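> Give the three-dimensional model of this entry:
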Amino acid sequence: MGEVRKQLTLFVPPDAAQGIEAVRELVDPVQHARIAAHVTLCREDELDDLTSIRARLLELPFGPLELRFGRAEVFSDHGLWLRCIGGEDRFRELRRYVLASRDVRDQQPHITLAHPRNPKAPANALSNTATLPDPITITFPAVHLIEQEGSHPWRVLERYDFQRVAD
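Next up, the predicted model:
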């Protein structure tokens with residue numbers, strides 16, 4: 001049994017994921033096979049008090065989270081990502097609520113298309129992201145608690161839906 005990691009994640013919903021997943025599969029098939037397109041909400045080192053975090057997630061006082069992402073960019077040699085260009089304040093507010101602290105690490109929301117820790121795929125090129133709209137607006141309906149053992153694919157343990165908001 002390898003190292004087990006947990007994190008809180010916002011998965012890109014299926015209606016918004018098709019084009020993103022096609023690009024991810026091309027530019028980093030390893031990452032694509034391990035985890036679906038997502039934004040990491042809280043990393044494993046922030047989940048010390050998981051019992052309290054779960055209790056807060058059951059009572060999420062937020063409607064679905066809308067984030068806007070810009071054009072794909074290169075980072076850390078051959079990494080590719082979509083950086084958030086709108087909705088960061090709500091993302092940070094959600095992190096503060098989940099972690100029950102106003103003093104949380106500043107985390108830039110993003111969607112990783114190609115992870116630099118994986119071997120560079122032959123099709124890993126910024127030009128292969130040109131099919132993605134710019135900008136991309138995504139509404140995230142839920143927070144997921146996920147787990148990974150070693151380098152195996154991540155699996156969903158729990159889902160916490162945001163509150164529905166009246167029109």
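> pLDDT below threshold where in the chain?
By pLDDT under 70, the low-scoring segments of the chain are 1, 164-167.
> got a list of what the residue sitting nearest the centre point of it touches?
In the chain, the C-alpha nearest the mean C-alpha coordinate belongs to Val39, at 1.4 Å (Cα atoms, centre = their mean). Counting by Cβ atoms under 8 Å, 6 or more residues apart in numbering, Val39 touches 9-10, 12, 67, 84, 91, 109-111, 140. No exception for glycine: its C-beta is placed from N, CA and C like everyone else's.
> Next: Ala125.
By Cβ under 8 Å, 6+ apart, the contact set of Ala125 is Val27.
> and stretch 65-75, how far out from the chain's middle?
Offset of stretch 65-75 from its chain centre (Cα atoms, centre = their mean, to the nearest Å): 11 Å.
> Next one: Ala130 from Leu80, what distance?
12 Å (Cβ to Cβ, to the nearest Å).
> Have a look at this structure and report its longest strand.
strand 65-75 (DSSP state E).
> Can you tell me what sits against it?
With contact meaning Cβ under 8 Å, 6+ apart, strand 65-75 is reached by 10, 23, 39, 80-88, 90-91, 94, 109-111, 113, 116, 126, 129, 132, 134-140, 162.
> that older thread, Provide the secondary structure category for the residue nearest to the centre of the chain.
Of the three states, Val39 takes strand according to DSSP: H, G, I helix; E, B strand; the rest coil.
> Next one: it from Arg71, what distance?
Going from Val39 to Arg71 by Cβ to Cβ gives 17 Å.
> go on, Leu58?
From Leu58 to Arg71 the distance is 37 Å (Cβ to Cβ).
> Also Leu65?
Shown here: Leu65 relative to Arg71, a distance of 21 Å by Cβ to Cβ.
> Which element is encountered next along the chain beyond the longest helix along the chain?
The residue-count maximum for a helix in the chain (DSSP state H) belongs to helix 14-27. Per DSSP states H and E, the first helix or strand lying C-terminal to helix 14-27 is helix 29-34.
> how about that following helix: buried residues?
By neighbour count on 16 or more other Cβ atoms under 10 Å, the buried set for helix 29-34 is 29, 31-32.
> Nearest to Arg43, out of those: which one, please.
If you rank these by distance to Arg43 using Cβ to Cβ, Gln31 comes first, at 16.4 Å.
> what's the nearest residue to the closest one if we skip its chain neighbours?
Using Cβ to Cβ, 6 or more residues apart in numbering and skipping the chain neighbours, the partner closest in space to Gln31 is His115 (4.6 Å).
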